[in-house]
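Asks: here is a sequence together with a model predicted from it:
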Amino acid sequence: MKKLSQTRTILLLTFLVIVWGVNWPLSKMALEYTPPLLFAGIRTVLGGLILLVFALPRIKQLRFKETWHLYVISAVLNIIIFYGLQTVGLGFMPAGLFSAIVFIEPVLLGIFSWLWLGELMYGLKIVGLILGFVGVAVISMGGLTGDISVIGIFLALGSAVGWGLGTVFVKKTGNRVDSIWMVTMQLLIGGIVLLTIGSGTESWSSIDWQLPFIANLLFISIFVIAFGWLVYFTLVGAGEASKVGSYTFLIPLIAIFCSSIVLNESITLKLVLGLICIVISICFVNIKLKPRSVKTQINERL
């Protein structure tokens, strides 16, 4: 894939950050019309069906008999755990606050990449990781006083862990599967599992198929899930993965801003302080030091 122009890269990154940011308050609003697991399953299956249109021309690269287990593992981590816990958790906490905790994921990704991908761990990254955990701790302090749901905190952290592990898994197996088929299959497999679980524990008759919910569902399925993942892999395929990672800290900021306007969610001092720690931590974790700088730090330690 040829390298994207700077203008196109900026436009794609802007689209990705905005749609993934507004996803949080929109999902929170959708839960007024539907049980969480059925909603998670419907939107991911719809997103997978939309991506299927783009994947079918690459049918030879599917190789399902050889790689089905990779799709299943990715579906468990990136869809069943990430989207499942995320959608259920939004029922326990404000959308902006929940997203701020989930976006500890880039920090967790730094640890997972060090452990399983052999990426370097140096001073600035360690400081960033510590700041990230401090940020989540500050935000979560309300759970000790009853101001914030403890269940919501654990669901947010579980969602972040699933996303982090899923990202590492996809990166580690990237040379064994086609990227578009990986996303398509994980959405379809994970979505079907979520629909199955939801059908057994929730009632389809509880879904209120009003126009606001249908519009919300279609927007999330098309733009957040299907096109969002397509844009993501377009950027990654063009060598922009590091930029995508470094810009993710804008997503909870957008989520909190939109949630405060649309859902009238309050912005507390703890949330601001915790979010500042998380933003700084993600910046530190994503800074790419020159090889010489890394070697210098390592030599200094030795």
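Replies: Happy to help now that I have it. These numbers were taken from a predicted model, which means no experiment stands behind them. Numbering: from 1, shown residues only.
Asks: just checking, what packs against the host helix or strand of Thr7?
Replies: Element membership for Thr7, per DSSP states H and E: helix 6-30. Counting contacts by 3 or more CB pairs under 8 Å, 6 or more residues apart in numbering; DSSP states H and E, helix 6-30 is packed against helix 95-102, helix 211-219, helix 228-237, helix 241-247, helix 250-262. Where C-beta positions appear, they are placed from N, C-alpha and C, glycine not excepted.
Asks: what's the least confident stretch among these?
Replies: Of all the helices and strands packed on helix 6-30, helix 241-247 carries the lowest average pLDDT, namely a mean of 57.
Asks: ok, back up a step: what's the most buried one of the helices and strands packed on helix 6-30?
Replies: helix 95-102 (a mean of 28; mean count of other CB atoms under 10 Å).
Asks: let's have the helices and strands packed on helix 6-30 in TSV, adding distance to Phe284.
Replies: As requested, the helices and strands packed on helix 6-30 are exported to TSV (distance: least, CB to CB, whole Å):
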stretch	distance to Phe284
helix 95-102	17
helix 211-219	34
helix 228-237	22
helix 241-247	11
helix 250-262	16
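Asks: and Leu26, which of those is closest to it?
Replies: Evaluated with CB to CB, the helices and strands packed on helix 6-30 place helix 211-219 nearest to Leu26, the distance being 5.5 Å.
Asks: C-alpha coordinates for the closest one, CSV please?
Replies: What follows is helix 211-219, C-alpha atoms only, in CSV (Å, rounded to 0.1, in the frame of the first residue of the first chain):
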residue,chain,number,x,y,z
LEU,A,211,-36.3,6.1,15.1
PRO,A,212,-33.7,7.6,17.5
PHE,A,213,-32.4,4.1,18.4
ILE,A,214,-32.4,2.8,14.8
ALA,A,215,-30.5,5.9,13.6
ASN,A,216,-28.0,5.6,16.5
LEU,A,217,-27.5,1.9,15.8
LEU,A,218,-26.9,2.4,12.1
PHE,A,219,-24.5,5.3,12.8
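Asks: picking up where we left off before, Gly162 is nearest to which of the helices and strands packed on helix 6-30?
Replies: So among the helices and strands packed on helix 6-30, helix 95-102 is nearest, using CB to CB, at 9.9 Å.
Asks: what does that closest one rub up against?
Replies: 24-25, 27-28, 86, 89-90, 92, 135-136, 139-140, 148, 152-153, 156-157, 159-160, 163, 251-252, 255-260, 263, 265, 267, 271, 274-275, 278 (CB atoms under 8 Å, 6 or more residues apart in numbering).
Asks: what subset of these is buried?
Replies: Among the contacts of helix 95-102, those that count as buried by neighbour count (16 or more other CB atoms under 10 Å) are 24-25, 27-28, 86, 89-90, 92, 135-136, 139-140, 148, 152-153, 156-157, 159-160, 163, 251-252, 255-256, 258-260, 265, 271, 274-275, 278.
Asks: for stretch 71-90, what is the average pLDDT?
Replies: Mean pLDDT, stretch 71-90: 95.
Asks: tell me how far it is from the chain's mean position?
Replies: Relative to its chain's centre, stretch 71-90 lies at 10 Å (CA atoms, centre = their mean, to the nearest Å).
Asks: now the end-to-end length of it.
Replies: One end of stretch 71-90 sits 26 Å from the other (CA to CA, to the nearest Å).
Asks: cool, and stretch 204-224?
Replies: For stretch 204-224, the separation between the terminal residues is 23 Å (CA to CA).
Asks: relative to the whole chain's centre, how far out is that stretch?
Replies: That offset, for stretch 204-224, works out to 20 Å (CA atoms, centre = their mean).
Asks: same check on stretch 199-211?
Replies: That offset, for stretch 199-211, works out to 25 Å (CA atoms, centre = their mean).
Asks: no further questions, thank you.
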